[in-house]
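[1] Pasting the sequence and the predicted model now:
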Amino acid sequence: MSRAVIFDIDGTLVDSVDLHARAWAETFRKFGREIEFERVRSQIGKGGDQLMPVFFSREELDKFGEEMEKYRGELFKRAYMPHVRPFPRVRELFERVIRDGTRVALASSAKEDELKVYKDLADISDLVEEETSADDAARSKPHPDIFAAALARLGDVSPHEATVVGDSPYDAEAAGKLNLTTVGVLCGGFPEADLRAAGCVAIFRDPADLLARYEQSPLSRSWQQRS
């Protein structure tokens, strides 16, 4: 039985994937590399430590990787974060999970200060029991570090007692390395086939759809009993 639900944030609870992709593409242009938006977008869900090596060599990253990541972070906060919006009915979904007696945690590749902004936007600050950010993990998704940190924060919850909700294949890959069940949402823009191939056991359109079909989802007690 699931005793905790661990939510990703970008693309799952807030509509930010395109904004992150634009910030990265603009940053890459600043550092001399023109990369198509869709190629960048396909990598969102990873942190900078895993995303930048897709487009730059180790030698380049040793030379200016830290500067590039810092530039991207400042650019995103200044020019793109003000346009982030929450997906509908996120708070109601969290309230429904909690009514089942299930604990709620967040696990995101975002920085801690970004995480606070997102929680306020989605109006869930008072509903989150535990959270982990990029500051709590040596490596970002698809490595499992962030989910491992969330489990550690939850304390007595084992992997088979927790469910992850995420929008990207990297969420499912990372969760799968810890034997966590993953529910996928399509609102981050990744194809359903990619989410299923990465290990998602169920797919929903967005948080509102997950709430509407909650009893048919892996989050519900009735689904867990059927399983």
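    That came in fine, so what should we check first? Numbering: from 1, shown residues only.
[2] Start and end of stretch 82-96, how far apart?
    28 Å (CA to CA, to the nearest Å).
[3] Go through it and flag the buried ones.
    Along stretch 82-96, these residues count as buried under the neighbour rule (16 or more other CB atoms under 10 Å): Val84, Pro86, Phe87, Arg89, Val90, Arg91, Leu93, Phe94, Arg96. Just so you know, the C-beta spots here come from the backbone N, C-alpha and C atoms, and that holds for glycine as well.
[4] which ones among those residues are found in helices?
    Val90, Arg91, Leu93, Phe94, Arg96 (DSSP state H).
[5] Now Ser222: closest residue in space, sequence neighbours ignored.
    Glu215 (5.5 Å; CB to CB, 6 or more residues apart in numbering).
[6] what about the one you found, how many residues close to it?
    Around Glu215 there are 11 other residues, counting by other CB atoms under 10 Å.
[7] in a helix, that's where it is, yeah?
    Yes: Glu215: assigned to a helix according to DSSP: H, G, I helix; E, B strand; the rest coil.
[8] For the nearest residue to Arg221 once chain neighbours are set aside, give me phi and psi.
    Once flanking residues are discounted, Arg221 sits nearest to Asp100: 5.6 Å by CB to CB, 6+ apart. Torsion angles at Asp100 (phi, psi; degrees, to the nearest 10) stand at phi -80, psi 0.
[9] Figure out how far the longest helix along the chain is from the centre of its chain.
    Using DSSP H to define each element, the chain has its longest helix at helix 58-75. Its chain's C-alpha centre and that of helix 58-75 lie 22 Å apart, by CA atoms, centre = their mean, to the nearest Å.
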